[in-house]
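Asks: Pasted the sequence and its predicted model underneath.
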Amino acid sequence: MPNPTPNPMDPSENKPPQVEVDHSPKPAHATTGSSSTPRSRLNKTPKMVANGSRAFMWYLLSLVVIIIDQWTKWLAETNLNFLEPIPVIQPFLNWTLAYNYGAAFSFLADQAGWQKWFFAGLALIMSLFLIGYLVKAPRKAKLLSLGLALVLGGAIGNLIDRLLHGHVIDFIHVHYADVWHYPIFNIADVGICIGVALIVIDMLFLEKKREV
């Protein structure tokens, strides 16, 4: 039989073909391979856990630095004469008692005395900042916390000197014969220098890895 001719007047002949839509609920997962990960976790940065109460152990390290610093300064004061070097390792190391009324490398040491309170205030502000920052520092950033603790101990060690004596007691004299002399320093300065170096290393090489 011949195929019937479509009747344009019949509405049933002009209906578009229907497409079946799947209305079943879909899991909120993005699937890769054989495993699935919730979409809410795809772009979420891992949460950093702060030191919190564990900052106490870093405070103890700072206290150790302070005790060693003050003890060695007491030994220097009681056993050395002012600016009279005692050879330890020739020609590189002497014990030489000296007083620094300024900052590092005797900066502003020749002023009228206002620098004592200026540098004491700076050391106090830095110490309070470090005490607070050690609580908030990431728990896994142990090198950073170590550096902060060493700087804190050194800052407080020199702050004690300024408040008690009006100057910082130095006694470690590194030199080469009479050709080259490094500014005389102390244990607190050693803690600050090592601490700053550790903080810089963490900032340059480890900080970004913690954010991955």
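Replies: Good, I have the coordinates.

Asks: contacting residues around Gln81?
Replies: Not quite, residue 81 is Asn, not Gln. Contact partners of Asn81, counting by Cβ atoms under 8 Å, 6 or more residues apart in numbering, are Leu97. All C-beta spots, glycine's among them, are computed from the backbone N, C-alpha and C.

Asks: From Trp95, how far out is it?
Replies: Computed as Cβ to Cβ, to the nearest Å, the Asn81 to Trp95 distance reads 10 Å.

Asks: SS state for Asp202?
Replies: Secondary structure state of Asp202, per DSSP: H, G, I helix; E, B strand; the rest coil, is helix.

Asks: ok, which stretches of this protein are strands?
Replies: Applying DSSP state E to the chain gives strands spanning 29-32, 35-38, 86-89, 93-100, 168-176, 180-181.

Asks: and of those strands, who's closest to Asp189?
Replies: Comparing these by their distance to Asp189 (Cβ to Cβ), the top pick is strand 168-176, with 7.7 Å.

Asks: how many other residues sit next to Ile125?
Replies: Using other Cβ atoms under 10 Å, Ile125 is surrounded by 11 other residues.

Asks: Roughly how far does it sit from His181?
Replies: Distance from Ile125 to His181, counting by Cβ to Cβ: 32 Å.

Asks: nearest to Tyr133, of the strands of the chain?
Replies: Nearest of the strands of the chain to Tyr133, taken as Cβ to Cβ: strand 168-176 at 23.8 Å.

Asks: Quick one: mean pLDDT for the closest one?
Replies: Over the span of strand 168-176, the pLDDT mean works out to 96.

Asks: Residues touching it, excluding its own?
Replies: By Cβ under 8 Å, 6+ apart, strand 168-176 touches 72-73, 76-77, 80, 85, 91-101, 158, 161-162, 181-190.

Asks: what do you get if the cut-off is 6 Å, keeping everything else the same?
Replies: With Cβ atoms under 6 Å, 6 or more residues apart in numbering as the test, strand 168-176 has contacts from 73, 76, 93-98, 100, 158, 161, 181-182, 184-186.

Asks: Alpha carbons only: can I get that strand in CSV?
Replies: Once non-C-alpha atoms are left out, strand 168-176 reads as follows in CSV (Å, rounded to 0.1, in the frame of the first residue of the first chain):
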residue,chain,number,x,y,z
VAL,A,168,74.5,45.1,76.5
ILE,A,169,77.3,42.9,77.8
ASP,A,170,79.5,41.4,75.0
PHE,A,171,82.5,39.1,75.3
ILE,A,172,82.9,36.9,72.2
HIS,A,173,85.6,38.4,70.0
VAL,A,174,86.2,36.8,66.6
HIS,A,175,89.1,38.2,64.6
TYR,A,176,92.1,37.3,62.5
